[in-house]
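# One predicted model, sequence on top.
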Amino acid sequence: MRARAAERLLPDTALIGLEGVAAARRRLTTRDAVRARHGRLARHQIPWLLQHSAWTAQRFAEADLPPERWWQLPPVGKREMMAHFDALNTVGVRLEEVLALAHEAEDTRDFTGTLTTAAGEVGVGLSTGTSGARGAFLVDREDRLRWAGTVLAALLRPFPWSLRTPQRVAFFLRADGTLYRTAASSRVQIDFHDILRPIEQLAAALTATDPTLVVGPPSVLRAVLEAGARARPEKVVSVAEVLEDGTRSVLEHGFEAPVVQIYQATEGMLGLPCAAGELHLAEEHVHVETEPLGGGLVRPVLTDLRRRAQPVIRHRLDDVLDLAPDCSCGSATRRIRRIIGRQDDALELPGPGGAQITIWPDFVRGALSDVPGLEEYRVLQTGPAMLRVETAPSSAPVRAEVRERIGRALRRQGVLWDLVTIDEHAWRPAPAGTKLRRVLRTGR
Ligand SMILES: [Zn+2]
């Protein structure tokens, strides 16, 4: 679908915003500069939210904190966010309406839509989650323009020179998400490819549009390449799934282009690539405090200093990150060395003395990254000491090697491997349009 209608909606204002983001990023060369920027943004954001979001005001009152000490507010999680959804959002939307809209769209698996509110059209999204807790999110027009501007600023660099030649962006998404539809202007053409279409059609469409930038989930981009797509973009952008090293190199070779990542959660856009191709926390507009989880890993507590339809102030995320203090690009925003995975997905296996040993998804992915002949796999924990392992191919040697690698890696972490039952199956592709998650826990 070509985003013609969107030309009326976006651009020149967002391009101005975009220049602002790009300029802000260049100036954030010290942690003091990052802190000063957060302070400036918070002076506009927090008082506005206190006026317009009843639950935000209640949280400050309960903690007995003045607005300028927002960074000391006790963190909340997705469960509290959903429980207080109606009093949290600033556009008068009820969770009931969001869920009704989602229910309607369940057949098409398109979980995006819009609601008409006093504040204008509000985009609605629902995140799926195996752990039961679905997150709902709202994005108004301002939020959307800022999103588009921020993404384009990060991707179409060096700015603004690249915008002098028209850019053609190919987005591979589940349906035509409202979040993304507005990102088009006279200088940027965006083609949306619905990933529910047959993969051969997607491959042909990509070849025909010859984009300068390709954006999509890495598992989909890989499948499109393997179905014969030919394109020579300047850059490939991985979104929505963890980018594994193996897939990264397939994409780099197939497209003959560098691959960078955008890191987005229900709670907002958390990570954007830098000039050196590394992923950074998007500290131009979010404040991130980290809680240590051991082994150098952290869990972020996020504050979005610009988003308004659905405030995000001190929200504890489910994601586990490995952060690095610096990067060769010179930005003082923190670099994300690895996204380890969602805490909900981590395996919990028996250790000595009745202990539970936590195994992060990234650790299992690492153990299986170079098994000879292994093309696809999934590892699911389905019981307290039960792993379902799916492989493609499911030949005896591949299965034996996979079992051996998992066993060796888990024993090294202290798991009592003899107690673990392995249930082997042939790999089954995930249903079209769902995220590929190779390691997850579906039962305890
Ligand atoms: Zn960098």
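Thanks, I have the structure now.

# contacts and neighbour counts: CA atoms only from here.
Noted.

# Residue 370: what's it in contact with?
Neighbour list for residue 370: empty [criterion: Cα atoms under 8 Å, 6 or more residues apart in numbering].

# Farthest from the middle of this protein: give me that residue.
residue 353 (37.0 Å; Cα atoms, centre = their mean).

# Got phi/psi on the residue nearest the centre of the chain?
Nearest residue to the geometric centre of the chain (Cα atoms, centre = their mean): residue 264, 2.6 Å. Here is the backbone geometry of residue 264 (degrees, to the nearest 10): phi -130, psi 140.

# about what we covered before: is it fair to say the residue farthest from the centre of the chain lies in a helix?
Yes - Residue 353 sits within a helix when classified using DSSP: H, G, I helix; E, B strand; the rest coil.

# List of residues touching stretch 200-207?
So stretch 200-207 is contacted by 170, 193, 195, 224-225, 227-231 (Cα under 8 Å, 6+ apart).

# Provide a list of residues in contact with the closest residue to the residue nearest to the centre of the chain other than its chain neighbours.
Spatial nearest neighbour of residue 264, excluding adjacent residues (Cα to Cα, 6 or more residues apart in numbering): residue 270 at 5.5 Å. By Cα under 8 Å, 6+ apart, the contact list for residue 270 reads 262-264, 281-282, 286.

# Try it again at 6 Å.
Counting by Cα atoms under 6 Å, 6 or more residues apart in numbering, residue 270 touches 263-264, 281-282.

# Is residue 52 in contact with residue 92, as I believe?
No - between residue 52 and residue 92 there is no contact, the gap being 9.8 Å when judged by Cα atoms under 6 Å.

# Please identify which of these two sits among more neighbours.
residue 52 (20 against 16; other Cα atoms under 10 Å).

# Backbone dihedrals for that one, please?
phi -110, psi -10.

# distance of it from the ion?
36 Å (Cα to the ion, to the nearest Å).

# next one: residue 212
In terms of Cα to the ion, residue 212 sits 22 Å off from the ion.

# repeat for residue 118
Residue 118 is 41 Å from the ion, by Cα to the ion.

# Any idea which helix or strand in the protein has the lowest mean pLDDT?
The helix or strand of the chain with the poorest confidence is helix 6-9; it has a mean of 32 (mean pLDDT, DSSP states H and E).

# in what helix or strand does residue 358 lie?
If you go by DSSP states H and E, residue 358 is part of strand 356-359.

# Show me what that strand is in contact with.
346-351.

# Kindly indicate which of the residues you listed lies nearest the ion.
residue 346 (28.1 Å; Cα to the ion).

# ok, that closest one touching residue 363?
No - between residue 346 and residue 363 there is no contact under Cα under 6 Å: 9.6 Å.

# And those two? Which one has more around it.
Each of residue 346 and residue 363 has its neighbours counted (other Cα under 10 Å); residue 346 has more, 23 against 18.

# show me what contacts the more buried one?
By Cα under 6 Å, 6+ apart, the neighbours of residue 346 are 359-361.

# Most neighbours out of those, which is it?
residue 361 (24 neighbours).

# and that one, what does it touch?
341, 346, 439.

# State the distance from the second one to residue 411.
This points to residue 346. 16 Å (Cα to Cα, to the nearest Å).

# And for the last one?
Computed with Cα to Cα, the distance linking residue 439 and residue 411 is 17 Å.

# residue boundaries of the strands in the stretch 201-350 of the chain?
Here the stretch 201-350 of the chain has its strands, by DSSP state E, counting those that start in this stretch, at 213-216, 235-238, 259-261, 263-265, 268-273, 279-281, 286-294, 297-304, 315-316, 319-324, 335-342, 347-350.

# elements contacting the third one?
In other words, strand 259-261. strand 235-238 (3 or more Cα pairs under 6 Å, 6 or more residues apart in numbering; DSSP states H and E).

# Show me what the strand it packs on pairs with in its sheet, parallel or antiparallel.
The pairing partners recorded for strand 235-238 under DSSP bridges are strand 213-216 (parallel), strand 259-261 (parallel).

# about what we covered before: would you mind putting the strands of the stretch 201-350 of the chain into a markdown table with mean pLDDT alongside?
Shown next, in a markdown table, are the strands of the stretch 201-350 of the chain (pLDDT from 0 to 100):
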| stretch | mean pLDDT |
| --- | --- |
| strand 213-216 | 88 |
| strand 235-238 | 89 |
| strand 259-261 | 89 |
| strand 263-265 | 79 |
| strand 268-273 | 83 |
| strand 279-281 | 92 |
| strand 286-294 | 93 |
| strand 297-304 | 94 |
| strand 315-316 | 94 |
| strand 319-324 | 92 |
| strand 335-342 | 87 |
| strand 347-350 | 92 |
